[in-house]
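> A predicted structure for the sequence below; I have some questions about it.
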Amino acid sequence: MTESSIADEAERYLQILADPRHEPAPRECLACYVARMLAAHGCDTTLRWAQRFRDLSSPTATGLERRLGEVGGFCDCEIFLNGYRMARHLLVRNLATDELEAPDEPPVCAGVGRTSTRPCANWQRRTRHDDW
Ligand SMILES: [Zn+2]
Ligand SMILES: [Zn+2]
């Protein structure tokens, strides 16, 4: 990466942070927030959105990175690849493949207590045998 593209990226990130739409909504959970930010901005191979959620909503949750690491979430997208998936009741059946998949429109967060860093009822832990 050239120096100027690093500067551009930093600039872009500051603009993102200055935009109130990029803050967690009241009672929005970590998983819904990170999923929302990933959909808009992608993963930069760090936990930047999870950490931003923590900084804004739950600054005392200093064990967050360790806890996410325990479920395989070493960057924002891995939280979903390895840690949590959308709860089954929210999935829609794809008529072409006959498989359940996440809806096009992300569901509204089911809400968590203020300062909680747990995912809301929209998410469930992936298990080793994900066979539904
Ligand atoms: Zn990632
Ligand atoms: Zn949620």
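Okay, I see it. Ligands and ions are numbered 1, 2, ... in the order given.

> Up against ligand 2, what does the chain have?
By CB under 5 Å from the ion, the part of the chain that sits against ligand 2 consists of 29, 32, 109, 120, 122. For the C-beta atoms, the positions are set from N, CA and C on the backbone; glycine is no exception.

> residues from the chain in reach of ligand 1?
Counting by CB under 5 Å from the ion, the residues of the chain close to ligand 1 are 43, 75, 77.

> can you list these in a markdown table and add secondary structure and neighbour count?
Output for the residues of the chain next to ligand 1, formatted as a markdown table (DSSP: H, G, I helix; E, B strand; the rest coil; neighbours: other CB atoms under 10 Å):
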| residue | secondary structure | neighbour count |
| --- | --- | --- |
| Cys43 | coil | 18 |
| Cys75 | coil | 17 |
| Cys77 | helix | 17 |
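
> Would you format those as JSON lines with distance to Glu11 included?
Output for those, formatted as JSON lines (distance: CB to CB, whole Å):
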{"residue": "Cys43", "distance to Glu11": "19"}
{"residue": "Cys75", "distance to Glu11": "22"}
{"residue": "Cys77", "distance to Glu11": "23"}
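
> what comes up buried for the helix or strand that contains Arg52?
Using DSSP states H and E, the element containing Arg52 is helix 48-57. By neighbour count on 16 or more other CB atoms under 10 Å, the buried set for helix 48-57 is 48-54, 57.

> helices or strands up against the helix or strand following it?
Downstream of helix 48-57, the next assigned helix or strand under DSSP H and E is helix 64-70. Contact analysis of helix 64-70 by 3 or more CB pairs under 8 Å, 6 or more residues apart in numbering; DSSP states H and E lists helix 48-57 as its packing neighbours.

> Do me a favour and average the pLDDT over the helix it packs on.
Helix 48-57 carries an average pLDDT of 96.
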